[in-house]
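Peer 1: the sequence isn't on hand, but the structure is:
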């Protein structure tokens, strides 16, 4: 049900029936390694291309999500997934493997919460009993496509972020013991004119701020409602900009409850510049680390705002700035 | 509401409040030119790149859809759109222009009916009052990205299809005088091993057949229920394969009611090989030509099955076959 301008309130509070996360070697050495279900020490994941490696992670994530609750593809009505590869081949080819009716989406790194918001909406409106939502990214596949093959050894500025090698997925259904999805705020495209693809955090911060403000306004609540508010992958630079902008707009989120998935995933001594990014960042941090914290009773209500930079290498070459978007989903135990 | 395995039946029968179509010079010389709202005689559409030309067409389509019924962006809750450009930049940049909360989708040429099915689902479940759905493609932008720049003059086999330069969009709401959206069948990814990107019709035909069969099974109806059944952009080769496959499976659709958007859009003497294709094909044919025929009382009930080839140039280079999908939406006056 629509509440306010752009927020869906889910009357039936669909549940996370199950979730799973898969990571690569850099994530295995990260700060929340224990929260991953599967960690690979081989960046190729046994495949002959990085794109196939990403697809394999996404397949494993969905398959693990189902096997944890003894369900199979046949029990699931729809699969909703997105990724950063051109024509979202990671998701489409995974949908071929799973054989579940498929809705492909693209919101760059906001794909995790876009797919989950739609999944919850479908379950809440009886358009499905079970929906799988997921997203993935692979560091080397993304670098090759958006920037340079990593073999070139191109240097990056400290504002750049490190694309997560990982896949995360969640099974949404009517009744379960996992976190409940209470509402979702669908974001507008916001573009403040930043055109530097090595500073995506700054480009995406205003979109996160716009969605956070709309979320609180639509629901007529304030940040104290949540135990944790996590932006997607703004990283160190973008997260600080978002905090500053929110504060300027009179919305002060206490520092101790305001964090970013791109800051949670890696250790401080890992060479990730401004932090993690990529569709796999919010997906693995939320579906692994944050849900585990909720299951342990450490967090009761959380809001996750996944951010996406909607550029392409070609739009950058044509001197366009970076349109950004953010979608928020709220969970409670 | 879910009926059968993969079909949504929309209890409130959301209406097409308005729709609009934009085309290029080749479409202006085509068989259904009179059904376009805007036709450009300049393939650049006054822009300095083909990608910007595509974006401009999509913007014009959405803006015309709204202006026809004296509405503005502010009246619309969500915009759902997809296209063939990497990272769907045509849709994302259009969403920036319009400023409407945005759900980006990707289903290749099935994007038109994927976005419309989701739009109807949102309106039917009170998650929105008005939703805009659209899709676009630009012949030269697509050739450059997927195959060769047209300036190279590469030859094509007769099984190849001609990408439509066009954009089509529809505004979905609760009450209107346009066609009503009664149900939608979301397709599975089907891949019969065809890997020739110059024969997409053959690759996509089995996906169309799968979705058509599920549609009739889920609803327990037969082809005689419809006055017209139109596949998306299978073209001459793919449409014949689909008809043959359906017949082999015992589902005979009379020739006079079974057609294909890729066969309707161009004149017989235009050099389009096997017919039209691209996201703009089904979008413009459905939102222009077919809706006009419904408004004139020539058709009462129609089923449109948009097909999509979910390959990327990279998946082709890596010797993958072409996974395909089809989504069906049913309309009645």
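Peer 2: Okay, I see it. If you're wondering where the values come from, they're calculated on a predicted model, not measured in any experiment.
Peer 1: any idea what residue A:302 is bridged to?
Peer 2: residue A:228, residue A:331 (DSSP bridges).
Peer 1: tell me who's in contact with it.
Peer 2: A:179, A:226-230, A:290, A:294, A:330-332 (CB atoms under 8 Å, 6 or more residues apart in numbering or on different chains). C-beta: built from backbone N, CA, C; applies to glycine.
Peer 1: go again with 6 Å.
Peer 2: A:226, A:228, A:331 (CB atoms under 6 Å, 6 or more residues apart in numbering or on different chains).
Peer 1: burial of residue A:74, as a residue count?
Peer 2: Number of residues near residue A:74 (other CB atoms under 10 Å in any protein chain shown) recorded here: 11.
Peer 1: could you pull up the mean pLDDT of stretch A:294-305?
Peer 2: Here stretch A:294-305 scores 98 as its mean pLDDT.
Peer 1: stretch A:280-289 too?
Peer 2: So the average pLDDT for stretch A:280-289 ends up being 98.
Peer 1: in space, what's closest to the residue in chain A positioned nearest to chain B - neighbours in sequence excluded?
Peer 2: The nearest approach of chain A to chain B comes at residue A:125, 3.4 Å away (CB to the nearest CB). Excluding the flanking residues, the one nearest residue A:125 by CB to CB, 6 or more residues apart in numbering or on different chains is residue B:125, at 3.4 Å.
Peer 1: what's the answer for residue A:215, then?
Peer 2: Using CB to CB, 6+ apart, the closest residue to residue A:215 is residue A:185 (4.2 Å).
Peer 1: check residue A:257 too.
Peer 2: With CB to CB, 6+ apart, the residue lying closest to residue A:257 is residue A:228, at 5.4 Å.
Peer 1: who's in contact with the one you found?
Peer 2: Residue A:228 touches A:257, A:299, A:302, counting by CB under 6 Å, 6+ apart.
Peer 1: dump the residue contacts of the most centrally placed residue in chain A.
Peer 2: Geometric centre of chain A, nearest residue: residue A:282, 3.1 Å, by CA atoms, centre = their mean. For residue A:282, the contact set (CB under 6 Å, 6+ apart) comprises A:112, A:232, A:261, A:306.
Peer 1: most neighbours, which of these?
Peer 2: residue A:112 leads these on contacts (other CB under 10 Å) with 39 neighbours.
Peer 1: wait, doesn't that one sit right on residue A:308?
Peer 2: No. Assessed by CB atoms under 6 Å, residue A:112 is found out of contact with residue A:308, at 9.3 Å.
Peer 1: re earlier: out of the contacts of residue A:302, which comes closest to residue A:247?
Peer 2: Nearest to residue A:247 among these, counting by CB to CB, is residue A:226 at 16.9 Å.
Peer 1: please look at that closest one and residue A:304 and confirm they touch.
Peer 2: No. Taking CB under 6 Å as the definition, residue A:226 is not a contact partner of residue A:304, at 10.0 Å.
Peer 1: for chain A, what lies in contact range of chain B?
Peer 2: A:1-2, A:6, A:8, A:49, A:86-89, A:92, A:95-96, A:99, A:101-102, A:104-107, A:121, A:125-128, A:186, A:188-189, A:191, A:310, A:312, A:315, A:318, A:323 (CB under 6 Å from any CB of the partner chain).
Peer 1: next up, the contacts around the residue nearest to residue A:215.
Peer 2: With CB under 6 Å, 6+ apart, residue A:185 has these contacts: A:6-7, A:211, A:214-215, A:328.
Peer 1: the helix ranked longest in chain A packs against which elements?
Peer 2: Taking DSSP state H as the assignment, the helix of chain A that covers the most residues is helix A:200-219. Here helix A:200-219 touches strand A:180-185, helix A:235-248, strand A:301-309, strand A:324-332, going by 3 or more CB pairs under 6 Å, 6 or more residues apart in numbering or on different chains; DSSP states H and E.
Peer 1: filter the residues of chain A next to chain B down to the ones in helices?
Peer 2: Among these, DSSP H puts A:89, A:92, A:95-96, A:121, A:315 in helices.
Peer 1: which of those has the largest number of neighbours?
Peer 2: residue A:92 (30 neighbours).
Peer 1: that one against residue B:312, yeah?
Peer 2: No. Assessed by CB under 6 Å, residue A:92 is found out of contact with residue B:312, at 8.7 Å.
Peer 1: residue A:321: how many residues sit nearby?
Peer 2: 17.
Peer 1: look up the closest residue to it, ignoring the ones flanking it.
Peer 2: Using CB to CB, 6+ apart, the closest residue to residue A:321 is residue A:195 (4.4 Å).
Peer 1: show the pLDDT at that neighbour.
Peer 2: Per the predicted model, pLDDT is 91 at residue A:195.
Peer 1: which strand or helix spans it?
Peer 2: Residue A:195 is located outside every helix and strand, with elements delineated by DSSP states H and E.
Peer 1: cool, and residue A:168?
Peer 2: Counting by DSSP H and E, residue A:168 is part of strand A:166-173.
Peer 1: show the contacting residues for residue A:184.
Peer 2: A:8, A:117, A:329.
Peer 1: change it to 8 Å
Peer 2: Contacts of residue A:184 by CB under 8 Å, 6+ apart are A:7-8, A:10, A:113, A:116-117, A:120-121, A:327-330.
Peer 1: returning to that earlier point: wasn't the residue nearest to the centre of chain A part of a strand?
Peer 2: No. Looking at residue A:282 with DSSP: H, G, I helix; E, B strand; the rest coil, it is helix, so not inside a strand.
Peer 1: one step back: what pLDDT, on average, does the longest helix of chain A get?
Peer 2: pLDDT averaged over helix A:200-219 gives 96.
Peer 1: kindly report the same for stretch A:77-91.
Peer 2: Mean predicted confidence for stretch A:77-91 is 98.
Peer 1: how long is that stretch from one end to the other?
Peer 2: In stretch A:77-91, first residue to last residue: 16 Å (CA to CA, to the nearest Å).
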